[in-house]
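**Student:** this one's sequence-less:
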């Protein structure tokens with residue numbers, strides 16, 4: 001996901017094993033569809049690591065990731081790819097791409113008030129100009145209504 005037009009996902013590390021039985025669909029995905037993903041999203045740095053006897057998983061590094069205070073390195077968001085087929089792996093990578101990277105915050109808070117509006121209530125005889133909002137005084141409003149009625153009769 002982007003924040004103010006800036007994509008937040010910077011680096012995606014996919015960890016797999018060479019001979020682990022749970023990595024077969026991930027290995028097939030890496031041979032066929034990973035190039036499509038890289039072509040669609042060239043701003044994401046993609047890295048594939050082969051570790052012996054490792055369960056398949058992905059690490060996502062975001063622009064606004066938390067920083068480890070000891071090493072001063074960004075902390076990854078890790079998702080397992082264990083026993084997922086190619087379509088589910090694609091959906092997981094899309095989820096990581098769309099994710100913001102930070103904690104989610106409530107968008108709005110519920111507000112309720114007993115007080116009425118200080119601006120007054122709306123009525124159909126408000127004269128709204130392009131730049132200013134004018135309210136026609138009541139005596140002039142009656143004259144205006146009479147003029148409109150006489151013009152409609154003619």
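**Tutor:** That came through, no problem. Since the structure is predicted, the reported quantities are computational estimates derived from the model, not experimental observations. Numbers count the residues shown, from 1 in each chain.

**Student:** For residue 52, grab the count of nearby residues.
**Tutor:** Neighbourhood size, residue 52 [other CB atoms under 10 Å]: 8. Yep, even glycine has a C-beta here, placed from its N, CA and C like the rest.

**Student:** List the contacts of the closest residue to it other than its chain neighbours.
**Tutor:** Sequence neighbours aside, residue 17 is the residue nearest to residue 52 in space, at 6.1 Å (criterion: CB to CB, 6 or more residues apart in numbering). Neighbour list for residue 17: 23, 50-56 [criterion: CB atoms under 8 Å, 6 or more residues apart in numbering].

**Student:** next SSE after the worst-scoring helix or strand of the chain on mean pLDDT?
**Tutor:** Every helix and strand of the chain was ranked by mean pLDDT, DSSP states H and E. The lowest is strand 133-135, at a mean of 54. Moving toward the C-terminus from strand 133-135, the next helix or strand (DSSP states H and E) is helix 138-153.

**Student:** which strands and helices sit next to that next one?
**Tutor:** In this structure, helix 138-153 makes packing contacts with no helix or strand, judged by 3 or more CB pairs under 8 Å, 6 or more residues apart in numbering; DSSP states H and E.

**Student:** Which positions in it come out as buried?
**Tutor:** When burial is assessed from 16 or more other CB atoms under 10 Å, helix 138-153 yields no buried residues.

**Student:** List of residues touching stretch 54-62?
**Tutor:** Residues outside stretch 54-62 that contact it (CB under 8 Å, 6+ apart): 8-17, 20, 22-23, 26, 74, 76-82, 84, 92-93, 96, 99-102.
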